[in-house]
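*Asks:* How does the following fold in three dimensions:
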Amino acid sequence: MTTNVLIIGGVAGGATAAARLRRLDENAQITIIERTGYVSYANCGLPYYVGGVITDRSELTLQTPQSFKSRFNIDVRVRQEALSINRRAKTVEVRRLDDGFTYTESYDKLILAPGARPMLPPVPGTDLPGVFTLRTVEDAFAITDYLSSNHVKSAVVVGGGFIGLEAAENLTHRGISVTVLQRPSHVLKTLDGDMACYVQKAMRDGGINLRCRADLTRIVRHGDGANLSVAYRNADTKKSQAPISADLVIIAIGVTPNSHLAADAGLELGLKDSIVTDAHMQTNDPNIYAVGDAVQVNNRVTGQPDLIALAGPANKQGRIAADNICGIHSTYQGSQGSEIMKMFDLTVASTGLNETSAAAAGIDYDYTVITSANHATYYPGSENMTLKVLFEKGSGRIIGAQIAGYAGVDKRIDVLGTAIGARMTADDLANLDLAYAPPYSSAKDPVNMIGYVIGNIVSGRVKQIHWDEALAASDDDMVVDVRTAEEFRRGHLEGALNIPVDELRDHLSELPHDKRLIVHCQSGLRSYIACRILSQKGFDCVNVAGGYGFYSMTKQDTELHRTGTGPCGIEI
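*Replies:* Take a look at the predicted model:
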C-alpha cells in the first residue's frame with residue numbers, strides 16, 4: 001500500500017524529511033505545502049545576502065519545486081497555506097495565496113514543520129515602511145531592495161541575538177551607520193556577561209553603536225520624509241532617552257513557535273506553546289509528526305524541556321520523523337544549543353549550558369577560564385582564544401563551553417560540544433587524542449589544557465576563585481601578582497604585591513602565613529605554578545581563574561590580544 005505523506009512547511013525540517021522519505025520509499029506519495037515562495041533555503045545566510053557578501057539570489061535557494069520534482073518526485077506547492085487539520089478525517093484545508101482558492105488534501109501521515117515566526121514588540125510603528133524582520137528569503141529581498149532604492153545611511157537593529165548582530169555587522173559592511181538596541185544587559189543570551197564582553201568590544205571597534213538595557217517604546221516617521229525616529233527608554237530607570245533617527249529598522253528580538261495549527265487540532269503543546277513530541281518526533285496523534293523550530297526538545301545536558309531553534313536540530317528531526325514513518329526505529333537524542341557566529345574578525349561560539357541555565361537547572365557547577373593560542377606559538381601566525389568551560393563540581397563532568405577568539409574557535413567548540421554530548425569529564429578532555437602539527441595546534445591543545453585545569457580544581461590540587469571574589473578581597477587577604485615586572489608596570493590591581501613566579505622561592509619570607517594569598521598572573525598558568533609552590537610551603541592560597549587578561553577584558557573593556565599566548569602566558 002502506497003503511503004500518502006503530507007508535509008506542512010519546508011526549509012530545514014520539512015525539506016529534509018521529504019528527501020529522506022523518498023530515499024527510503026520510492027513509492028510514497030509526498031507533498032509539501034509551503035506558505036512562502038521558497039521551499040528550501042539557507043535562512044542562516046540571509047544576513048550575509050543583506051550585507052552583500054552573498055550576491056546571487058539563487059545561491060540562497062537550496063532546492064526549488066522543480067528540482068524537488070525532477071530529483072525526488074515530490075510535489076512541492078509554494079505560496080500555499082495550511083488553514084486547519086481534521087484529525088478524524090485525516091485531511092488538511094489549504095488555501096492558495098495567489099488566488100484565494102481553498103481545497104482539501106488528505107494524508108496517511110502528516111509532518112508539521114511550520115517553523116517559528118518573528119516576535120514583534122507591542123509598540124507603535126512596527127508596521128511602518130522601512131521597518132523589517134529578517135526571517136525568510138522574502139524578508140532579505142525586501143530589505144536589500146529597500147537599501148538600493150532609499151539611499152540608506154543609518155539603521156537601528158532592535159535585538160542583540162544572533163540574527164540581530166549578524167544583520168548589524170552586515171549593514172556596517174555596506175557603509176551604513178548602525179545602532180543596536182538590546183533590552184538585556186548584554187548581547188547573546190547564550191553567553192555569560194563576561195564572555196559577551198568580547199563581542200561587545202568587537203562591535204564597538206567595528207563602528208556599531210551598542211546600547212544595552214534599551215527598551216524600544218515606539219517608531220514614528222519624521223514628518224513627511226522617509227526617515228524614522230526610534231524612541232526607547234532605559235529598561236532600569238524607565239526614563240526616556242533621546243530618540244535615534246534612522247533610515248531603516250530591523251526588529252530581531254527572537255522568534256515564537258508557529259504552532260497555531262497544532263493548537264487548533266488539539267495536539268499537545270509545551271513551552272511557549274511549542275509542539276510536544278516523543279523521541280520519534282511523534283505527537284500525541286500517532287499519525288502526526290512535528291519537527292523544527294516549532295517543537296519542544298529535551299535539553300541534552302539537563303534532560304529538561306527546552307526550546308532551541310537551530311537548523312542543525314531541525315535537519316536531524318526531519319530525518320528521524322521520516323525514518324519512523326518508514327518503519328526505522330530512530331530517536332532524537334536532544335539538543336544542546338551549539339552555536340557560532342562572527343563579529344567582524346572575531347569568532348564567538350557556545351555549546352551546552354551557561355551560568356544562568358546551569359543555575360536554573362539546579363546543577364552545582366563551577367567554571368574556569370584559559371587564554372590559549374590556536375596553534376604552536378613558534379609557528380608564525382598564532383592567534384589567541386579565550387575558553388570558558390563549565391563543569392559539575394565533584395564529578396568534573398563538562399556541561400557548557402563558550403569561546404571567543406580568532407582562528408580555530410570552530411574546531412574547539414565542536415570538540416567540546418561532542419564531549420558534552422558524550423557526558424565526558426575533565427579527565428576525558430585531558431586524555432583526548434587530538435591531531436597535532438605546529439600550523440594547526442599544540443601538543444597540548446587548548447581542549448586538553450582546559451581538561452588539565454579543571455582536573456586540578458576537582459582533585460583539590462589548587463583552589464580557585466573568580467574575579468568578583470578577588471576584587472572583594474578583605475584585610476584577611478593579600479593579592480600576589482606573579483607576572484613579570486614589565487607586565488606589572490603596564491597595569492595591575494591597586495595594592496597587589498608583585499613577585500614574578502621565577503623569583504617566588506627567594507621571596508617566601510615576605511609573604512604572611514596568616515592571610516589568604518590571592519594569586520594571579522596574565523592567564524592563570526603561572527599563578528597555578530605559584531600556588532603549587534605556596535601550598536606545599538604551608539601557605540593558604542587561591543588561583544584567580546582567567547588571570548589579569550580576563551580581568552582587563554571583562555572589567556576594564558580592553559581588547560583580547562590577537563597574537564598567540566605562549567606557555568608562560570606572555571603575549572608572543
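
*Asks:* R22 contacts I32, doesn't it?
*Replies:* No: counting by C-beta atoms under 8 Å, R22 stays clear of I32, with 11.2 Å between them. From N, CA and C alone the C-beta is placed, and that goes for glycine too.

*Asks:* Between these two, tell me which one has more neighbours.
*Replies:* I32 (26 against 19; other C-beta atoms under 10 Å).

*Asks:* Which of the three states applies to that one?
*Replies:* Under DSSP: H, G, I helix; E, B strand; the rest coil, I32 falls in the strand class.

*Asks:* for S552, same thing?
*Replies:* S552 is classified as helix under three-state DSSP.

*Asks:* Pull up the per-residue confidence for it.
*Replies:* Looking at S552, its pLDDT stands at 88.

*Asks:* separation between it and K201?
*Replies:* Noted for S552: a distance of 11 Å to K201, by C-beta to C-beta, to the nearest Å.

*Asks:* For D468, grab the count of nearby residues.
*Replies:* Neighbours around D468, by other C-beta under 10 Å: 9.

*Asks:* check which helix or strand covers it.
*Replies:* Using DSSP states H and E, D468 sits within helix 467-470.

*Asks:* for that helix, which positions count as buried?
*Replies:* 467, 470 (16 or more other C-beta atoms under 10 Å).

*Asks:* cool, and stretch 374-381?
*Replies:* Residues of stretch 374-381 classed as buried: 374-377 (neighbour count, 16+ other C-beta under 10 Å).

*Asks:* what's the domain layout of this structure?
*Replies:* With domains defined by automatic domain parsing, the chain comprises 4-45+56-115+256-325, 131-253, 345-459, 464-556.

*Asks:* Send me the helix holding D468 as CSV with only the CA atoms.
*Replies:* Taking C-alpha atoms only, helix 467-470 is exported to CSV below (Å, rounded to 0.1, in the frame of the first residue of the first chain):
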residue,chain,number,x,y,z
TRP,A,467,37.5,37.9,39.8
ASP,A,468,34.3,39.1,41.5
GLU,A,469,35.6,37.5,44.7
ALA,A,470,39.2,38.6,44.1
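
*Asks:* Tell me where the model's unsure across the chain.
*Replies:* Along the chain, the model assigns pLDDT under 70 to residues 1, 223-226, 556-572.

*Asks:* Export the buried residues of stretch 374-381 as TSV, with columns for distance to S523 and secondary structure.
*Replies:* Listed next are the buried residues of stretch 374-381 as TSV, based on distance: C-beta to C-beta, whole Å; DSSP: H, G, I helix; E, B strand; the rest coil:
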residue	distance to S523	secondary structure
N374	15	coil
H375	17	coil
A376	16	coil
T377	13	coil
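
*Asks:* want to try JSON lines for these, with distance to R490 as columns?
*Replies:* What follows is those, written out as JSON lines (distance: C-beta to C-beta, whole Å):
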{"residue": "N374", "distance to R490": "24"}
{"residue": "H375", "distance to R490": "26"}
{"residue": "A376", "distance to R490": "26"}
{"residue": "T377", "distance to R490": "20"}
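
*Asks:* Out of those, the closest to L191 would be?
*Replies:* Minimum distance to L191 across those is 19.8 Å, recorded for N374 (C-beta to C-beta).

*Asks:* anything in contact with each of R22 and I32?
*Replies:* By the contact definition C-beta atoms under 8 Å, 6 or more residues apart in numbering, R22 and I32 are jointly contacted by I74.

*Asks:* quick one: buried residues of stretch 53-60?
*Replies:* For stretch 53-60, a neighbour-count test (16+ other C-beta under 10 Å) marks 54, 60 as buried.

*Asks:* An error on my part: the question was meant for stretch 91-104.
*Replies:* Buried-residue list, stretch 91-104, by 16+ other C-beta under 10 Å: 91-92, 94-95.

*Asks:* Compile the domains of the chain into TSV and extend it with columns for distance to G125.
*Replies:* Below are the domains of the chain laid out as TSV (distance: least, C-beta to C-beta, whole Å):
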stretch	distance to G125
domain 4-45+56-115+256-325	20
domain 131-253	3
domain 345-459	31
domain 464-556	36
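
*Asks:* quick one: contacts for V156?
*Replies:* Taking C-beta under 8 Å, 6+ apart, we find V156 in contact with 178-181, 228, 230, 244, 246, 248-250.

*Asks:* Strands - which of these land there?
*Replies:* In strands, defined here by DSSP state E, the members of the contacts of V156 are 178-181, 228, 230, 244, 246, 248-250.

*Asks:* Which two of the residues you listed have the greatest separation?
*Replies:* V180 and L228 (15.5 Å).

*Asks:* before we move on, back to that, is it possible to export the contacts of V156 to a markdown table including distance to R489 and neighbour count?
*Replies:* Formatted as a markdown table, the contacts of V156 follow (distance: C-beta to C-beta, whole Å; neighbours: other C-beta atoms under 10 Å):
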| residue | distance to R489 | neighbour count |
| --- | --- | --- |
| V178 | 38 | 25 |
| T179 | 38 | 21 |
| V180 | 37 | 26 |
| L181 | 40 | 26 |
| L228 | 50 | 24 |
| V230 | 45 | 22 |
| I244 | 42 | 20 |
| A246 | 45 | 25 |
| L248 | 48 | 24 |
| V249 | 47 | 23 |
| I250 | 46 | 26 |
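
*Asks:* Let me know the closest of those residues to I450.
*Replies:* Closest to I450, out of all of the contacts of V156 and judged by C-beta to C-beta, is V180, at 30.9 Å.

*Asks:* helix, strand or coil for the residue lying farthest from the centre of the chain?
*Replies:* Most distant from the centre of the chain: S509, at 48.8 Å, with distances by C-alpha atoms, centre = their mean. Secondary structure assignment for S509 (three-state DSSP): helix.

*Asks:* and A196, how many neighbours?
*Replies:* 25.

*Asks:* Look up the closest residue to it, ignoring the ones flanking it.
*Replies:* Leaving out its chain neighbours, the residue that sits closest to A196 by C-beta to C-beta, 6 or more residues apart in numbering is H186, at 3.9 Å.

*Asks:* OK, contacts around that neighbour?
*Replies:* H186 sits next to 160, 193, 196-197, 200, 212 when contact means C-beta under 8 Å, 6+ apart.

*Asks:* Repeat that for M385.
*Replies:* Contacts for M385 (C-beta under 8 Å, 6+ apart) come out as 371-374, 403-406, 408-409, 412, 446.

*Asks:* Backbone dihedrals for it, please?
*Replies:* Note on M385: backbone dihedrals following degrees, to the nearest 10 are phi -140, psi 150.

*Asks:* I'd like the distance from it to R412, if you could.
*Replies:* M385 is 7 Å from R412, where distance means C-beta to C-beta.

*Asks:* and for those two, which residues touch both?
*Replies:* 403, 446.

*Asks:* Could you give the bridge partners of the most centrally placed residue in the chain?
*Replies:* Nearest residue to the geometric centre of the chain (C-alpha atoms, centre = their mean): E339, 3.8 Å. Per DSSP bridges, the residues bridged to E339 are S350.

*Asks:* thinking E339 is in contact with S350, fair?
*Replies:* Yes: in this structure, E339 is within contact of S350 by C-beta under 8 Å, at 5.5 Å.

*Asks:* so what sits against both of the two?
*Replies:* T190.

*Asks:* ok, now which ones touch L147?
*Replies:* Taking C-beta under 8 Å, 6+ apart, one finds 50, 174, 176, 248 in contact with L147.

*Asks:* Is there a quick PyMOL command that grabs whichever of the residues you listed are buried?
*Replies:* Typed into PyMOL, the line below selects the buried ones among the contacts of L147, using 16+ other C-beta under 10 Å:
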select buried, resi 50+176+248
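
*Asks:* okay, the contacts of L147 in TSV with distance to G312 next?
*Replies:* Below are the contacts of L147 laid out as TSV (distance: C-beta to C-beta, whole Å):
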residue	distance to G312
V50	22
R174	29
I176	31
L248	30
